[in-house]
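Participant: Next come a sequence and a model predicted from it.
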Amino acid sequence: MKIEELRAPEGSTRARKRRGRGNATGQGKTGGRGMNGQKQRSGGKIRLGFEGGQMPLYRRLPKRGFTNIWGTTYAIINVGDLAGFESGAEVTPEVLKDMGILKRLEDGVKVLGEGELTNSITVKASKFSEAAKAKIEAAGGKAEVI
């Protein structure tokens, strides 16, 4: 199939209404725009958030805090979540995402020390808490920063 061979399915499209072609068409005179006013004029658009001169909602509400555009967000995982891996396994952020343990990788993965670990595994992540590093190494594994 080529792009020039694409067609809309039968019955999925309608001919557009020809506005302003006389009163007999049902769309004559004002052409479906109603009577006078800003929206009746050509180019008479109202910007997003405009409330007719009333102070817009986005200006009435108080503003709090800020977003640090240079900030780093880490996907968090606990040592207890790694207990399902068998001994000798290499755990990387991509493996965690493929298994569904992490939804998003964000700017990196940080491993925290909640839970217990008995298998000796190699964990590769962006950051480790001191407790997590200690528990991984106590189980005979390695904590590698990538």
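Facilitator: In hand now; what should we look at?
Participant: And the helices in this structure, which stretches?
Facilitator: With DSSP state H as the definition, the chain shows helices at residue ranges 57-60, 93-99, 130-138.
Participant: Figure out which of the ones you listed is closest to residue 34.
Facilitator: Distances from residue 34 to each of those were compared using Cβ to Cβ; the minimum, 25.7 Å, belongs to helix 57-60. In this view, the C-beta of every residue, glycine as well, is placed from N, C-alpha and C.
Participant: Looking at the closest one now, give me its mean pLDDT.
Facilitator: Computed over helix 57-60, the mean pLDDT rounds to 95.
Participant: Which strand residues bridge residue 91?
Facilitator: Here residue 91 sits in beta bridges with residue 123, as judged by DSSP bridges.
Participant: does it really touch residue 120, like I thought?
Facilitator: No: if you go by Cβ atoms under 8 Å, residue 91 and residue 120 don't touch, sitting 11.5 Å apart.
Participant: Settle it for me: which of these two has more neighbours?
Facilitator: Set side by side, residue 91 and residue 120 give different neighbour counts by other Cβ atoms under 10 Å, the larger being at residue 91 (23 against 17).
Participant: list the contacts for the more buried one?
Facilitator: The contact partners of residue 91, taken as Cβ atoms under 8 Å, 6 or more residues apart in numbering, are 82, 85, 121, 122, 123, 124.
Participant: pretty sure the third one contacts residue 82?
Facilitator: Yep, that's residue 121 we're talking about. Yes: proximity of residue 121 to residue 82 meets the contact threshold set by Cβ under 8 Å, at 6.4 Å.
Participant: what residues are shared contacts of these two?
Facilitator: Taking Cβ under 8 Å, 6+ apart as the contact criterion, the common neighbours of residue 121 and residue 82 are 91, 136.
Participant: For residue 126, see how far away the residue positioned nearest the centre of the chain is.
Facilitator: The structure's the chain has its C-alpha centroid closest to residue 104; by Cα atoms, centre = their mean the separation is 9.9 Å. Between residue 104 and residue 126 the computed distance is 14 Å (Cβ to Cβ, to the nearest Å).
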